Structure formats: structure tokens, C-alpha cells
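**Student:** pasting the sequence and the predicted model now:
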Amino acid sequence: MGGLHMPIPWRSRMFPDRAAAGAALARELEGRTLASPLLVLALPRGGVPVAHEVARVLNAPLDVMLVRKVGMPGQPELAIGAVASGGIVVHEEGIEKDFPGLAESFDRIAAEERRELERRERVYRGGLAPLELKGKTVILVDDGLATGSTMLAAVRAARAGGAAAIVVAAPVASPQAAELVRAEADDVVILQTPAMLFAIGEWYEDFAQLEDDEVCRLLELHRRS
């Protein structure tokens, strides 16, 4: 769908931390023509510090897009759909047609994933109203894309939720992941696409694991601003 923007490579191999990566990503997004209203959605946990910087620079609201993959019974690595924030359910209808009776399994597995999603929503969103995506330019942000599968589910969820335009933004991604999401997003902004990407953490000097309380702190800081 949209183009893949790959700006001049970052001046060094690694980003100092997620906040610095987010600031660099925000500068790149500032140069784009993005239709209002904007909504920046982070994929927790690692995407939150990155998206926090993006939302701050773009003066846009920040929230989280929680996505849980619905896996094939017996082959959980194969996605047959996804559930996401806002009560969004995405079905891989082609797979369901090839496997009679899969719809019933989908409903059962989706219900299990929905319960986990709701738990995480309670932690990260604190009882806020469901996401409203209709008519908005949604910027989906993560700290990096290795396979791209989670981001692809987020793109499809945002599309199902009625987003007017979807921009995928990340500091680093494998070429394969970038191409995967480019096929369905309206625009993709990646700062680095190394030919060999084995782990996102290799591209950060500080890639400390985030805890739930830090994610909530960053979200609350933005909500109060």
C-alpha cells in the first residue's frame, strides 16, 4: 500500500536507548505530511518509551495498542487471527475456509487471549474508554521489528477499527519485517534496516527490560501533559 521511507542511516550503529531512538524517529515523522487528527499507539512494553517521544514531539495523544495473536490449535506459532485493544477481532478467513470447524476453535482461543488482553488493559489503561480509531491517522510504534508479525496484527487491528490512515514507525527493522508491514500499512518509517538483524536489543546500548510500572508512569506523564 504505502511507501517505505528509509532516511539517511543513524550516525552510529546503535541507539543509546529507547528514548533517544524515539526522539530520532520523531524528527523523521515531523517531516512527513500527516493528516489530523493524529493518535500515537505504542506496542507495549518496549514501544512505549519510543512512542512517548514521538507523541511529545508531534503534540499528539498517546495510548497503547495491545495485540494478542490467536494461534492455530496444535500450531500456536501460526496465526489464525488476533485480538486487540478496543474490542477488535481480526480473522484470517482464508485459513478458516481451509480447515472446517476451525471457527469454533478460534472463538475458544480468542476468548482466552481476550482475557489476557483485558488484564493488560487494566494495568496499562486504568479503566479508560476503549480506543476510538475511526477517522484518525494512527501511528503504530514499537522499539523494533524482527519478524513483523505482531506489528502486522496491530496494523490489521487498526484497519478493522476504522483508522483513516496507518503509519508504522520503528527505529530498526529487518528488511523482511519492513516489507511485511509495508504491504498493508499506508506508510512505513524505519530509521535502520540492517541486512542481518538477530535481536532488536543489539541495536541499543541500553535495552533494559521495562516493567509494568515504568510503562504506566510514561503513559501517565503524557496523559497529564
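**Tutor:** Structure received. Being a predicted model, the structure only gives us computed values, none of them experimental.
**Student:** now the helices for the chain?
**Tutor:** For the chain, the helices defined by DSSP state H occupy 18-30, 47-58, 93-98, 102-125, 149-160, 175-182, 212-224.
**Student:** state the mean pLDDT of the third one.
**Tutor:** Mean pLDDT, taken over the full extent of helix 93-98, equals 68.
**Student:** quick revisit: worst average pLDDT in the helices of the chain?
**Tutor:** Taking the mean pLDDT of those, helix 93-98 comes last: a mean of 68.
**Student:** adjacent strands (with direction) for the lengthiest strand in the chain?
**Tutor:** Across the chain, the longest stretch assigned as strand under DSSP state E is strand 75-84. Strand pairing for strand 75-84, using DSSP bridges, gives strand 67-72 (antiparallel), strand 88-91 (antiparallel).
**Student:** how about those strands in CSV, adding distance to residue 24 and mean neighbour count?
**Tutor:** Quick note: C-beta positions are derived from backbone N, CA and C, even for glycine. As requested, those are exported to CSV (distance: least, C-beta to C-beta, whole Å; neighbours: other C-beta atoms under 10 Å):
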stretch, distance to residue 24, mean neighbour count
strand 67-72, 25, 21
strand 88-91, 30, 20
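**Student:** make CSV from the ones you listed and add distance to residue 34 to it.
**Tutor:** Listed next are those as CSV, based on distance: least, C-beta to C-beta, whole Å:
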stretch, distance to residue 34
strand 67-72, 22
strand 88-91, 22
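**Student:** just give me the lowest mean pLDDT stretch among the ones you listed.
**Tutor:** Of all the strands paired with strand 75-84, mean pLDDT reaches its minimum on strand 88-91 (a mean of 76).
**Student:** could you measure from the residue lying farthest from the centre of the chain over to residue 117?
**Tutor:** Farthest-out residue of the chain from its mean C-alpha position, per C-alpha atoms, centre = their mean: residue 100, at 31.2 Å. For residue 100, the distance to residue 117 (C-beta to C-beta, to the nearest Å) stands at 27 Å.
**Student:** pull out the buried positions in the longest strand of the chain.
**Tutor:** Buried residues in strand 75-84, counted by 16 or more other C-beta atoms under 10 Å: 79-84.
**Student:** stretch 168-177 too?
**Tutor:** Buried residues in stretch 168-177 (16+ other C-beta under 10 Å): 168-174, 177.
**Student:** end-to-end on that stretch?
**Tutor:** 11 Å (C-alpha to C-alpha, to the nearest Å).
**Student:** can you list the residues that contact it?
**Tutor:** 10, 15, 21-22, 24-25, 28-29, 47, 50, 54, 139-148, 151, 155, 181-182, 185, 187-195, 197, 200, 203 (C-beta atoms under 8 Å, 6 or more residues apart in numbering).
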